[in-house]
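all I have is the shape, not the residue letters:
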């Protein structure tokens, strides 16, 4: 079994397409197919179910995938150790983040990493499934590090460090009847349409927990994975929302209300795997993170 075979197996497993895997690896498709067939012969079982319409992992393939990733991580760590001894950092860092979160100046962070270590290849994935998706990608090995919001009890297998905590404030449009009131209770909001992030995002979980604890049912009418879009929808009277305080200051036409007996706070964390040793490339990125945390 060769590392090259495992790399090609992982690519096909993640892309669920021999064509896309070949394109990703910059090799011909026939070479990928041959490598997978050779690996299947060596292991004595099929790793993929292939039809004209789709490619799917078999049970054996699903069992091999985390082990293959761990093997490649171990090989990369061995290479990193040699290169670190030569004072030259190489390697790849897979970074995950949410598109509209401003706790970390991510472009500046990645730019400084590139300036210091131009041989490090950075791959950035902006979440489409929120913090829950980023956490899953960390656990599976698809990501090496993620900027995400975790629940009070973080998932096993993830090391997390809090970078910042910001208040979530209730906002309504200036024309909303509530704008004439200085304070409301969660129970007053039961009949209101809410603008919120989709399930899986950390700020959505904070608000959902607060309403569940108060025994109040709320209606989320509009789900958008973007803070500024959510603020704009509220400004135009399409709903009310709990938004990070920093987003309210830059959006005109919003009215902030106090919520009696309720203080909601949302935290951003730096997450890494607690079961995989960080590569030298990842450690180089982690060493720079605190320099780029934004004071909100």
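Yep, it's here. The structure presented is a predicted model; accordingly, all values stated were derived computationally and were not measured.

how near is the nearest residue to residue 238 once chain neighbours are set aside to residue 127?
Excluding the flanking residues, the one nearest residue 238 by C-beta to C-beta, 6 or more residues apart in numbering is residue 222, at 6.2 Å. Bear in mind the C-beta positions are built from the backbone N, C-alpha and C, glycine included. Noted for residue 222: a distance of 19 Å to residue 127, by C-beta to C-beta, to the nearest Å.

neighbour count winner among these two?
residue 127 (23 against 15; other C-beta atoms under 10 Å).

and the gap between that one and residue 47?
From residue 127 across to residue 47, the span is 28 Å (C-beta to C-beta).

residue 201 too?
As judged by C-beta to C-beta, residue 201 and residue 47 stand 34 Å apart.

so between the two, which is more surrounded?
Neighbours per residue, other C-beta under 10 Å: of residue 201 and residue 47, the larger number sits with residue 201, 25 against 22.

wait, doesn't the more buried one sit right on residue 128?
No - in this structure residue 201 lies outside contact range of residue 128 using C-beta atoms under 8 Å: 10.8 Å.

can you list residues touching both of those two?
Residues touching both residue 201 and residue 128 (C-beta atoms under 8 Å, 6 or more residues apart in numbering): residue 225.

where along this protein do the helices fall?
Taking DSSP state H as the criterion, the chain carries its helices at 3-15, 18-25, 29-43, 59-85, 106-116, 130-140, 202-214, 227-235, 245-248, 280-286.

which other helices and strands contact the last one?
For helix 280-286, the elements it packs on are helix 59-85, strand 91-97, helix 106-116, strand 120-126, strand 145-148, strand 264-273, judged by 3 or more C-beta pairs under 8 Å, 6 or more residues apart in numbering; DSSP states H and E.

tell me which residue of the protein is furthest from the middle?
Most distant from the centre of the chain: residue 180, at 38.4 Å, with distances by C-alpha atoms, centre = their mean.

residues contacting that residue?
Under the criterion of C-beta under 8 Å, 6+ apart, residue 180 has no neighbours.

how close does it get to residue 172?
For residue 180, the distance to residue 172 - C-beta to C-beta - is 10 Å.

max-length strand in the protein?
strand 158-173 (DSSP state E).

now do it against helix 130-140, angle only.
170 degrees (axes from the mean of the first three to the mean of the last three C-alpha atoms, to 10 degrees).

now do the buried residues in strand 158-173.
Applying a neighbour-count criterion of 16 or more other C-beta atoms under 10 Å, one finds 158, 160, 163, 164, 166, 168, 169, 170, 171, 172, 173 buried in strand 158-173.

likewise for stretch 119-131?
120, 122, 127, 130, 131.

what's the neighbour count on residue 268?
For residue 268, the neighbour count with other C-beta under 10 Å is 25.

what do you get for residue 59?
10.

for residue 141, see how far away it is.
According to C-beta to C-beta, residue 59 and residue 141 sit 19 Å apart.

can you check residue 106 too?
Shown here: residue 106 relative to residue 141, a distance of 21 Å by C-beta to C-beta.

with residue 179 instead?
Distance from residue 179 to residue 141, by C-beta to C-beta: 48 Å.

ditto for residue 242
Between residue 242 and residue 141 the computed distance is 34 Å (C-beta to C-beta).

quick one: pLDDT of residue 225?
According to the prediction, residue 225 has pLDDT 87.

and residue 155, by the same measure?
Residue 155 carries a pLDDT value of 83.

model confidence over stretch 65-80, on average?
85.

got the buried residues for that stretch?
Residues 65, 68, 69, 71, 72, 73, 76, 77, 80 are the ones in stretch 65-80 that count as buried (16+ other C-beta under 10 Å).

now swap in stretch 202-218 and tell me
Taking 16+ other C-beta under 10 Å as the criterion, stretch 202-218 shows 202, 203, 204, 205, 206, 207, 210, 211, 214, 218 as buried.

so residue 242 and residue 141 - more neighbours on which side?
A direct count of neighbours by other C-beta under 10 Å for residue 242 and residue 141 places residue 242 higher, at 25 against 19.

now do the same contact list for the more buried one.
Contacts of residue 242 (C-beta under 8 Å, 6+ apart): 168, 169, 170, 171, 196, 203, 206, 207, 264.

quick check, nearest of the residues you listed to residue 114?
When the contacts of residue 242 are compared for distance to residue 114 (C-beta to C-beta), residue 203 wins out at 30.3 Å.

from residue 166, how far off is the closest residue to the closest one other than its chain neighbours?
Once flanking residues are discounted, residue 203 sits nearest to residue 266: 4.7 Å by C-beta to C-beta, 6+ apart. Separation of residue 266 from residue 166 (C-beta to C-beta): 6 Å.
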